[in-house]
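Q: Sharing a sequence plus its predicted fold:
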Amino acid sequence: MTIFIENALMPSGKKASILIEGNKIEAINPKEKDKGDVVIDAKGKAVMPGLFNMHTHAAMILLKGYADDYELHEWLTNHIFPVEAKLRSRDVYYGTLLACIEMIHSGTTCFNDMYFFEEEIARAVEKSGMRAVVSKALSAQSYKRAEAKKAMKKLSGFERVIPALGPHAIYTTDEETLCDVKELASELNVLIHFHLSETKKEVEDCLKEHGKRPAEYLADIGFLDSKLINAHCVWLNRKEMKLLARSDAKVVSCPTSNLKLASGIAPLKEIIKAGITTTLGTDGSASNNSLNMFETIKLASLLQKYKHFDATALPAKQAFELATINAAKALNLKAGAIKEGFLADLCLINLKHITMVPNHNLISNIVFSAEPACIDTVICDGKIIMENRVIEWEEDVKEKAQRIAEELVSA
Ligand code: NI
């Protein structure tokens, strides 16, 4: 199947036509015109690469607004973990699909997830048409090597799913678990998705228990690696940044979640300057409370400006790259930009939406003005997954997820 997009405004500010063949961008401004099976007239629309949400617990959308305004450790221990203990596989399937609806509507085509019932997440990804890293959530108690190995094999059978191991954090695992997970990830050549240095308490506890800071501890046990994706990294110091940079481990900043849980403002400017591949995520929408990457990109930029009293600290173009090309690089995907040979994961933006008028600079408008309602059509892996703001299966999933969410929190 081929799709031909005509007359779209590109991020460069020039108009172009794009030919999609299979799941890739075959040509930009092809010589022969109008050769697609499907022709999209993108007059009055701009095209951008689909956004990457690099840290989610998608199914937690079911708990959005259920327990707000608590400090992270109390929030997790007393409010989230007890409800999560009641989760069934069907809940995770519909919860993940509900999250996919919100992500597609806000221009995200790929997300990096960590949760339980990973096969249900993968089924939801297949149904949604999106692309995702599906990480099996692990703790010292739940980790069993044979089981994890089997899960990675199963996940690799799903379309557009990248399997990963998801040991939760330093404080929910131990050295033995982390070393074994690392060994297994190397053996199977899969990614590791981890929470690192999210709160000051995590750093203080790590210093007390191990006599060193979290990233130093991970370096010493041989856990740092180019396949390691670290969410948060709010409290990294310069020495820890050097350790991450040297090992080519990746960082995902989640500014909205860090603000909501009062975890702090990540030293993003310094992390980027240290040469670390840096990306952005929302975190689960119970601690955000949305999956809107436009908001996250804008906040990431504004917070660095504020933190450094410097309006040039994280400019629009760089902030946009964190959520597109940098994320693709972190996942080793040829995606995140509109180039020949790259994956056809694209969004069409309605330039007549009020937040896009006037349009002096498309990237500035995307980063500082856009909202989900600007997103008109979404293509992932060469297939249209939302057209003119319509996702065909949306209403049914919203209804089912609402019922499931109510059941979960009722005693
Ligand atoms: Ni998280």
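A: Yes, it's here. Numbers count the residues shown, from 1 in each chain.

Q: List the contacts of Tyr66.
A: Counting by Cβ atoms under 8 Å, 6 or more residues apart in numbering, Tyr66 touches His79, Val83, Ala286, Val409. (Each C-beta comes from the backbone N, C-alpha and C, glycine too.)

Q: residue boundaries of the strands in the stretch 251-400 of the chain?
A: For the stretch 251-400 of the chain, the strands defined by DSSP state E, counting those that start in this stretch occupy 278-280, 346-350, 375-380, 383-386.

Q: In TSV: those strands, plus mean neighbour count, distance to Ile170 and mean pLDDT.
A: Converted to TSV, the strands of the stretch 251-400 of the chain look like this (neighbours: other Cβ atoms under 10 Å; distance: least, Cβ to Cβ, whole Å; pLDDT from 0 to 100):
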stretch	mean neighbour count	distance to Ile170	mean pLDDT
strand 278-280	28	21	98
strand 346-350	24	36	98
strand 375-380	24	34	98
strand 383-386	19	37	98
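
Q: can you put these in a markdown table and add distance to Lys200?
A: Shown next, in a markdown table, are the strands of the stretch 251-400 of the chain (distance: least, Cβ to Cβ, whole Å):
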| stretch | distance to Lys200 |
| --- | --- |
| strand 278-280 | 21 |
| strand 346-350 | 37 |
| strand 375-380 | 37 |
| strand 383-386 | 40 |
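
Q: Tell me which of those lies nearest to Ile338.
A: Evaluated over those, closeness to Ile338 peaks at strand 346-350, with 6.8 Å, by Cβ to Cβ.

Q: Also compute the angle for that closest one relative to strand 375-380, please.
A: Calculated by axes from the mean of the first three to the mean of the last three Cα atoms, to 10 degrees, strand 346-350 forms an angle of 170 degrees with strand 375-380.

Q: thinking again about what came up before, list only buried entries from the contacts of Tyr66.
A: Buried residues within the contacts of Tyr66, defined by neighbour count using 16 or more other Cβ atoms under 10 Å: His79, Val83, Ala286.

Q: So the last one sits against Ala58, correct?
A: No. Assessed by Cβ atoms under 8 Å, Ala286 is found out of contact with Ala58, at 10.8 Å.

Q: can you pull the contacts of Ala274?
A: Arg238, Met241, Lys242, Leu244, Ala245 are the contacts of Ala274 under Cβ under 8 Å, 6+ apart.

Q: Please apply the same query to Met103.
A: Counting by Cβ under 8 Å, 6+ apart, Met103 makes contact with Asn53, Ala58, Phe111, Met130, Leu291, Met293.

Q: Can you report how many residues neighbour Lys242?
A: 16 (other Cβ atoms under 10 Å).

Q: One more: Lys208?
A: There are 8 residues near Lys208, going by other Cβ under 10 Å.

Q: what do you get for the one 4 residues further on?
A: Other residues lying near Lys212 total 16 when counted by other Cβ under 10 Å.

Q: is it true that it lies in a helix?
A: No. Per DSSP: H, G, I helix; E, B strand; the rest coil, Lys212 lies outside any helix segment and is coil.

Q: what angle sits between the helix or strand encompassing Phe52 and strand 375-380?
A: Element membership of Phe52, judged by DSSP states H and E, is strand 51-56. For strand 51-56 against strand 375-380, the angle by the same axes, to 10 degrees is 70 degrees.
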